[in-house]
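Chemist: quick check, what structure comes out for this input:
(one chain, ligands or ions: 1)
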Amino acid sequence: MSKQMSHLDNIPSTPGKFKMEKSPFVHNRLRWHSSLAKLTFWSFIFLGLILIFFFRSPSSNPLPQDPSRRSLRTYNWGGPAWEKRVRSSARVRSRNGISVLVTGAAGFVGTHVSTTLKRRGDGVLGLDNFNDYYDPSLKRARQALLERSGVFIVEGDINDSALLRKLFEVVAFTHVMHLAAQAGVRYAMENPISYVHSNIAGLVSLLEVCKSANPQPAIVWASSSSVYGLNTKVPFSERDRTDQPASLYAATKKAGEEIAHTYNHIYGLSLTGLRFFTVYGPWGRPDMAYFFFTRDILKGKSIPIFEAANHGTVARDFTYIDDIVKGCLAALDTAEKSTGSGGKKKGPAQLRVYNLGNTSPVPVSDLVSILERLLKVGANRNIMKLPRNGDVQFTHANISLAQRELGYKPTTDLQTGLKKFVRWYLSYYSGGEKAAG
Ligand SMILES: O=C(O)[C@H]1O[C@H](OP(=O)(O)OP(=O)(O)OC[C@H]2O[C@@H](n3ccc(=O)[nH]c3=O)[C@H](O)[C@@H]2O)[C@H](O)[C@@H](O)[C@H]1O
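Modeler: Below is the predicted model:
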């Protein structure tokens, strides 16, 4: 028996029990009771610590079924200092300004939209899970850029409802610019679940919180030109059929449009979907062709250029980021208020979908020629048959609806836009150490 044990055993719990200690049986019982009391005491302490941990720092459990690409991460958020940063970032600094929650703020479009909103005096709070679909250091660099312009990015997942609810508790957002998504057409065959997780479950999680918020925000979100799928009628108009998606990515974006209809119908949420057409520009996504073509041309690596059957041209309606940003801001500015409150619809609300394209498709081989001229390096072209992995042969936006209702008017052609991209690319990667993806 240890010294400590005998000492503890001799301490009476109540004065009345002390006398009975002489019987060995009673002595043993007392020891047993004492051990039990200690065990109970420490169990309570342990349980208490667990509870404190959970209540003080709520965290998400992102991507439980998606360990192949992303690490299972938890995000710490909450606390007075954190709330202060959230409030300050979302504070409106101009007359008639809006307060916007931008999801996917460390993404390509998210970064550009956030800085532009902030510059004109709107309140902007970012949300991003910094996943590693592509080089997270690029996302961190965008985050640093945003911080310099006064935009705080909360680290967290759109599937974390507790976090979303907390954000709406701290700030009465007037608008949500929902850009967080699993992008990329071809990657959907590698990691299909990540598309369902972000583009469907994540969207529903966000809309659930928005519908219960009081006031409900108006939501503008990123759909995709890929919803036109196998549609052959050009240019693509919002009235054309979108029930033949060619990739799971497209199918999840199309599902998003239907989900938007539901939340508009049941809860009176004001919802605007923007069908982006192959957006490119500085701070872009390294998984996109113009970006990795640039990298590989500079490295002297061969680049796969897809062509359709019978040497058919593959073309895209490449749209420059600044034009897209103007479209996003116009959508926010023309969005009507949601009509519901606290989860109840009070009347019909706005539901819109717009094409945001450039309206001048360019063959992928021409894109490569422009890059060759700008980089002053010849490309090592590897012409390949368009793989059956979700790519469509061409895209071409009819933008008359966006023109009419949003005043949307793209002004940057591919040559001019790529020039700006290449200038950014060379300066960003000039250190060499950051060689993309
Ligand atoms: O508008 C959209 O909604 C989508 O736009 C973008 O998809 P895409 O238009 O497919 O862009 P991107 O991959 O850059 O391929 C460009 C072209 O290069 C061709 N391409 C591609 C790869 C390759 O190795 N070779 C090739 O020729 C390829 O066949 C294509 O013709 C976004 O990634 C997507 O997230 C979504 O937002």
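Chemist: so who does the nearest residue to residue 117 once chain neighbours are set aside touch?
Modeler: Nearest residue to residue 117 in three dimensions, chain neighbours excluded: residue 124, at 4.9 Å (Cβ to Cβ, 6 or more residues apart in numbering). (C-beta placed from N, C-alpha, C; glycine too.) Going by Cβ atoms under 8 Å, 6 or more residues apart in numbering, residue 124 touches 89, 90, 100, 102, 105, 114, 117, 118, 151.
Chemist: OK, contacts around residue 315?
Modeler: Residue 315 neighbours (Cβ under 8 Å, 6+ apart): 361, 362, 363, 364, 393, 394, 395, 396.
Chemist: residues of the stretch 101-250 of the chain that sit close to the ligand?
Modeler: 183, 184, 185, 224, 225, 226 (Cβ under 6 Å from any ligand atom).
Chemist: rewinding a little: next, give phi and psi for the residue nearest to residue 117.
Modeler: Residue 124 adopts backbone torsions of phi -140, psi 130, taken as degrees, to the nearest 10.
Chemist: circling back: let's see which of the contacts of residue 124 end up in strands.
Modeler: Here DSSP state E is the test, and the contacts of residue 124 give 100, 102 as lying in strands.
Chemist: now the host helix or strand of residue 125 against strand 99-103, angle please.
Modeler: Here residue 125 is covered by strand 123-128, with elements defined by DSSP states H and E. Computed by axes from the mean of the first three to the mean of the last three Cα atoms, to 10 degrees, the angle separating strand 123-128 from strand 99-103 equals 10 degrees.
Chemist: what lines up beside strand 123-128 in the sheet?
Modeler: strand 99-103 (parallel), strand 152-155 (parallel) (DSSP bridges).
Chemist: mind putting the residues of the stretch 101-250 of the chain next to the ligand into TSV with distance to residue 239 and pLDDT?
Modeler: Shown next, in TSV, are those (distance: Cβ to Cβ, whole Å; pLDDT from 0 to 100):
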residue	distance to residue 239	pLDDT
183	25	98
184	27	97
185	23	95
224	17	98
225	15	98
226	17	98
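Chemist: all strands of the chain, in order?
Modeler: Using DSSP E, strands in the chain cover 99-103, 123-128, 152-155, 175-178, 218-224, 271-276, 279-280, 302-307, 315-316, 319-320, 351-356, 362-363, 380-385.
Chemist: tell me the two of the residues of the stretch 101-250 of the chain next to the ligand that are most distant?
Modeler: 184 and 225 (13.6 Å; Cβ to Cβ).
Chemist: so residue 386 is in contact with residue 305, correct?
Modeler: No. With contact defined as Cβ atoms under 8 Å, residue 386 does not count as touching residue 305 (9.9 Å).
Chemist: overlap in contacts, those two.
Modeler: residue 314.
Chemist: any stretches of the stretch 1-150 of the chain with poor pLDDT?
Modeler: Under the criterion pLDDT under 70, the flagged ranges of the stretch 1-150 of the chain are 1-72.
Chemist: can you tell me the closest non-neighbouring residue to the residue in it that the ligand sits nearest to?
Modeler: Closest to the ligand within the stretch 1-150 of the chain is residue 109: 9.2 Å, counting by Cβ to the nearest ligand atom. Computed as Cβ to Cβ, 6+ apart, the closest residue to residue 109 that is not its neighbour in sequence is residue 179, at 5.3 Å.
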